[in-house]
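> how would this look folded up:
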Amino acid sequence: MSEFQFGGEFVWRPTPELIAKSNLQRFISKHALGSFEELMRRSTTDITWFWDTVLCDLEVQFYKPYSRVVDLSEGKPWARWCVDGEMNIVHNMLDKYAATPTDARIAIKSEIEDGTIRTLTYKELREEVNRMATALRSLGLGKGDAIGVFMPMVPEIVVAMLAIIKIGGIFLPLFSGFGAAAIVSRLKDADAKALFTAAGTCRRGKFCAMKPVADEAASQIPTLRQLIVLNQAGEWFVEDLKANAGPPTKLGGPFDDAPTQRTSAEDPMMIIYTSGTTGKPKGAVHTHCGFPIKSAQDMWQGLDLHVDETLFWMTDMGWMMGPWKVFGTLLLGATMMLYDGAPDFPGPDRVWSLVDRHKVTALGVSPTLIRALRRYGDEIVHRHDLSSLRKFASTGEPWNPDPWMWLFQNVGRGKLPIINYSGGTEISGGIVMGNVLTPMKPCAFSGPLPGMAADVVDENGKSVRGKVGELVIREAWIGMTRGFWRDPQRYVESYWSRWRDTWVHGDWAAIDDDGLWYILGRSDDTIKIAGKRLGPAEVESILVAHPQVSEAAAVGVPDPIKGEALVCFCVLKKHANGDMDPSTALRASLAAELKRNVARDLGKALAPRDVFFVPDIPKTRNAKVMRRVVRAAYIGEKLGDTSALENPAALDEIRRVAGI
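Numbering: from 1, shown residues only. Just a heads-up that it's a prediction; the model follows:
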């Protein structure tokens with residue numbers, strides 16, 4: 001890759017008061033560690049001590065105590081955690097709070113696009129989960145049964161998720177925007193017994209039906225026995241999928257305490273499917289003592305979330321941040337905010353109004369969301385009272401400096417930290433993250449999270465500093481996936497095959513002279529022009545720095561001379577009159593200017609061959625730019641798995657400019 005630009009200035013520093021009150025500093029002081037550096041050293045060299053301590057400090061309760069924290073006898077890829085222990089994570093999220101002050105605390109705040117607001121206390125959520133667990137058992141569902149959830153982000157999706165896990169089932173979250181084929185491939189792979197769905201949801205004021213999609217999928221899954229449907233009136237019905245089973249029946253029954261199923265700490269409780277470039281989706285397997293504990297640890301030590309806080313992260317249950325938000329907030333006794341709707345409807349200030357109305361203290365965003373909202377200017381931000389905010393968090397993709405600084409200065413008024421967060425579904429959260437103990441630079445991470453023995457290495461696997469390398473992890477951690485469902489070899493080949501006992505994550509990363517970390521994009525997105533490696537984020541940062549550009553995607557395409565040539569796609573900012581489509585002459589002039597800017601900053605040899613202006617860039621529902629799909633559409637290749645694509649119409653314009 002081209003030389004990474006280090007040496008940025010610190011723009012935020014924690015106050016002594018913030019440090020003293022932080023969860024991380026209290027953990028350091030409680031265990032007499034002396035410093036954050038000492039915590040990092042011990043947490044990555046004595047993983048038994050660290051994860052045992054985390055479990056104790058989070059007050060995770062077991063029905064039967066574990067005999068060992070971790071068993072590495074089968075190698076790091078197949079580490080076993082909380083050996084011989086028995087627990088169910090729902091007990092630790094709901095049951096243990098019965099008759100405690102937490103019972104009266106708000107567990108869920110919810111708003112949908114039409115403005116309807118609902119709340120559930122911990123007690124009310126527990127009662128709803130118990131009712132659903134009783135109903136599921138009455139349908140013959142129980143331990144080990146895989147159950148899909150294809151629903152909007154409303155409180156009932158949390159009820160469904162926790163009821164499945166409570167009875168010992170395996171929760172299969174699905175993107176709410178999936179088509180039938182994507183649902184079928186995932187539920188068939190897991191031999192799903194039932195599927196939760198809803199009549200539909202609303203986007204930009206229009207009803208989007210989900211039930212017909214679920215019906216189409218259900219007809220193609222031989223193992224599926226029941227379809228459990230939330231209607232528009234908020235009532236649950238069940239459809240028996242056996243032939244001639246009769247009309248749907250209302251799902252209900254008397255409330256009882258619905259005992260929580262005793263499970264092994266390492267029993268599967270969730271499979272999250274991630275899209276593969278080719279072939280079938282990968283089912284990352286997670287257990288009761290894995291993903292939930294890592295989620296809570298990251299929120300507790302990285303995000304510094306406290307029990308009196310409300311976390312709002314606009315997400316979908318089909319992306320890992322959906323389950324992450326549920327597990328983390330409930331294990332910590334905090335409050336989650338759910339929103340089902342578009343982030344800029346009915347007006348571009350919807351996100352800021354949600355923060356104001358629900359007194360959100362921690363706002364999670366993606367860089368793509370901020371780039372989109374920045375188009376509308378500062379006034380819509382400042383019309384709302386955002387004084388409840390204590391911090392921002394960000395994940396999904398690398399930042400560009402300009403949008404990061406806009407969020408920091410114009411929304412946070414230069415006072416709130418932006419806690420960057422990067423990891424993945426197979427990680428159960430973060431590898432690297434910001435924290436409130438260390439000063440921050442734009443786009444940077446404080447470093448690895450405690451317990452994550454991360455490093456940046458060269459092509460020979462040797463540690464490097466001050467230059468770009470591969471992000472790796474050298475020790476096991478409690479949240480690591482227990483493999484891919486029914487495909488152990490693919491799991492090993494994906495992460496553990498390059499260097500012995502080393503997880504290779506597939507991200508480019510760098511560490512600067514001040515010890516701050518940077519994630520620079522997927523290593524498989526790298527562009528190679530005449531032997532020079534170029535990260536797309538470097539190019540995209542230059543493009544979006546232009547005052548007329550809001551989003552950009554850079555890809556490498558085949559070139560007979562250079563091997564690859566750089567082609568860029570840009571989305572223009574909307575002007576006050578709503579126009580974002582300049583004349584042909586202005587487009588040509590702007591394209592030439594953008595080419596010059598890239599050549600100026602990266603060198604003439606790395607200048608784009610073409611710059612195209614498009615109305616939208618293909619992204620997943622969690623706002624990640626799908627560069628692989630952009631490239632394939634432009635050069636006319638097969639697109640591969642596009643089930644997670646939110647805006648497939650964006651591909652048509654890319655094909656059009658390519659002349660395909």
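> Any stretches of the stretch 101-250 of the chain with poor pLDDT?
243-244 (pLDDT under 70).
> okay, and for the protein, where does confidence drop off?
1-7, 243-244, 253-256, 275-279, 531, 575-583, 622.
> For the residue sitting nearest the centre point of it, list the residues it contacts.
Most central in the chain under CA atoms, centre = their mean is Met321, positioned 3.7 Å from the mean C-alpha point. Residues near Met321 by CB atoms under 8 Å, 6 or more residues apart in numbering: Trp313, Thr315, Gly364, Thr395, Asn622. Backbone N, C-alpha and C define where each C-beta goes, glycine included.
> For it, grab phi and psi.
phi -70, psi -20 (degrees, to the nearest 10).
> my read is Glu593 is in a strand, agree?
No: under DSSP: H, G, I helix; E, B strand; the rest coil, Glu593 sits outside any strand and is assigned helix.
> Am I right that it is in contact with Gln548?
No: using CB atoms under 8 Å, Glu593 is not in contact with Gln548, being 9.1 Å away.
> which neighbours do the two share?
What both Glu593 and Gln548 touch, as defined by CB under 8 Å, 6+ apart, is an empty set.
> Against which helices or strands is whichever strand or helix holds Thr53 packed?
Taking DSSP states H and E as the definition, Thr53 sits inside helix 47-57. Packing partners of helix 47-57 (3 or more CB pairs under 8 Å, 6 or more residues apart in numbering; DSSP states H and E): helix 36-45, strand 68-71, helix 291-297.
> Run the chain-centre distance for the last one.
Looking back up the chat, that one is helix 291-297. Centroid separation between helix 291-297 and its chain, computed with CA atoms, centre = their mean, to the nearest Å, is 13 Å.
> do the same with the second one
For strand 68-71, the separation from the chain centroid amounts to 28 Å (computed by CA atoms, centre = their mean).
> Show me what the helix or strand that comes right after it is packed up against.
For strand 68-71, the following helix or strand on the C-terminal side (DSSP H and E) is strand 80-83. Contact partners of strand 80-83 among helices and strands, from 3+ CB pairs under 8 Å, 6+ apart: strand 68-71.
> Just the buried residues of stretch 361-379, please?
361-376 (16 or more other CB atoms under 10 Å).
> contacts for stretch 296-307?
22-24, 27, 54, 58, 102, 105, 311, 324, 327-329, 331-334, 362, 391, 393, 419, 421, 429-430, 433-436, 449-451, 479.
> now stretch 68-79
47-48, 51-52, 55, 80-84, 475-476, 478, 480, 482-483, 491-492, 495-496, 501, 503.
> again, but for stretch 375-394
Stretch 375-394 has contacts (CB under 8 Å, 6+ apart) with 303-304, 309-310, 313, 344, 347-349, 352-353, 355-356, 359-367, 370, 407, 410-412, 416-421, 436, 550, 573-574.
> Any of the residues you listed buried? List them.
Buried subset of those (neighbour count, 16+ other CB under 10 Å): 303-304, 309-310, 313, 344, 348-349, 352-353, 355-356, 359-367, 370, 407, 411-412, 416-421, 436, 550, 573.
> mind listing which of the residues you listed are in strands?
Among these, the residues falling in strands (DSSP state E) are Thr310, Trp313, Ala362, Leu363, Gly364, Val365, Ile418, Ile419, Asn420, Tyr421, Ser550.
> nearest to Lys211, of those residues?
Proximity of those to Lys211 (CB to CB) peaks at Trp313, which lies at 26.9 Å.
> Please tell me how far the closest residue to that closest one other than its chain neighbours sits from Thr116.
Once flanking residues are discounted, Trp313 sits nearest to Gly364: 3.1 Å by CB to CB, 6 or more residues apart in numbering. In this view, Gly364 and Thr116 are 22 Å apart by CB to CB, to the nearest Å.
> Likewise for Ala650?
Ala650 is 31 Å from Thr116, by CB to CB.
> quick one: which of these two has more around it?
Between Ala650 and Thr116, Ala650 has the larger neighbour count (other CB atoms under 10 Å), namely 22 against 10.
> In whatever helix or strand that one lives in, which residues are buried?
Assigned by DSSP H and E, Ala650 falls within helix 649-658. Within helix 649-658, the residues scored as buried using 16+ other CB under 10 Å are Ala650, Leu651, Glu653, Ile654.
> doesn't Asp616 make contact with the first one?
Yes: applying CB under 8 Å, one finds Ala650 in contact with Asp616, separated by 4.1 Å.
> Confirm that Val285 sits in a strand.
Yes: the assignment for Val285 is a strand, going by three-state DSSP.
> residues near it, how many?
23.
> which ones are touching the residue lying closest to it once chain neighbours are set aside?
Among residues not flanking Val285 along the chain, Arg482 sits closest, at 4.5 Å (CB to CB, 6+ apart). Shown in contact with Arg482 (CB under 8 Å, 6+ apart): Trp78, Glu266, Pro268, Val285, His286, Thr287, Gly290.
> Over to Ser541?
Asn400, Pro401, Asp402.
> on that earlier part again, farthest pair in the buried residues of stretch 361-379?
Taking CB to CB, no two of these sit farther apart than Thr361 and Arg375, at 26.2 Å.
> Name the helix or strand for the residue nearest to Gln301 when sequence neighbours are not counted, please.
Counting by CB to CB, 6+ apart, Gln301 lies nearest to Leu24, which is 5.0 Å off, once chain neighbours are set aside. If you go by DSSP H and E, Leu24 is part of helix 23-30.
> buried residues in that helix?
For helix 23-30, the neighbour count (16+ other CB under 10 Å) marks Asn23, Leu24, Gln25, Phe27, Ile28 as buried.
> what does stretch 119-129 give?
Under 16+ other CB under 10 Å, the buried positions of stretch 119-129 are Leu120, Thr121, Tyr122, Lys123, Glu124, Leu125, Arg126, Glu127, Glu128, Val129.
> wait, isn't the third one in contact with Ala104?
Yes: contact status for Tyr122 versus Ala104: in contact at 7.4 Å, counting by CB under 8 Å.
> Which segments of this structure make up each domain?
16-87+286-522, 123-250, 526-658 (automatic domain parsing).
> a markdown table for these, including distance to Glu9?
Shown next, in a markdown table, are the domains of the chain (distance: least, CB to CB, whole Å):
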| stretch | distance to Glu9 |
| --- | --- |
| domain 16-87+286-522 | 7 |
| domain 123-250 | 38 |
| domain 526-658 | 17 |
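> who wins for proximity to Lys280 among those?
Here domain 123-250 is closest among these (CB to CB), at 6.1 Å.
> Endpoints of that closest one, how far apart?
24 Å (CA to CA, to the nearest Å).
> and what of stretch 603-620?
This stretch, stretch 603-620, spans 31 Å end to end (CA to CA).
> What residues of that stretch count as buried?
For stretch 603-620, by 16+ other CB under 10 Å, it's Leu606, Ala607, Pro608, Val611, Phe612, Phe613, Val614, Asp616, Ile617, Pro618, Lys619, Thr620.
> about what we covered before: of the buried residues of stretch 361-379, which is the nearest to Arg204?
Ala372 (14.0 Å).
> Checking my notes, the closest one in a strand, right?
No: looking at Ala372 with three-state DSSP, it is helix, so not inside a strand.
> dump the residue contacts of it.
Pro343, Asp344, Ser550, Glu551.
> Next: Ile157.
Val149, Met151, Phe196, Met317.
> In the residues you listed, which residue is surrounded by the most others?
Met151 (30 neighbours).
> wait, doesn't it sit right on Ile228?
No: applying CB under 8 Å as the test, Met151 and Ile228 come out as separate, 9.8 Å apart.
> Can you work out which residues contact both of the two?
Ala160, Phe196, Thr197.
> wait, is the last one part of a helix?
I take that to be Thr197. No: counting by three-state DSSP, Thr197 falls outside a helix, being strand.
> these two touch, right, Ala552 and Leu572?
No: between Ala552 and Leu572 no contact is recorded; they are 10.3 Å apart, counting by CB under 8 Å.
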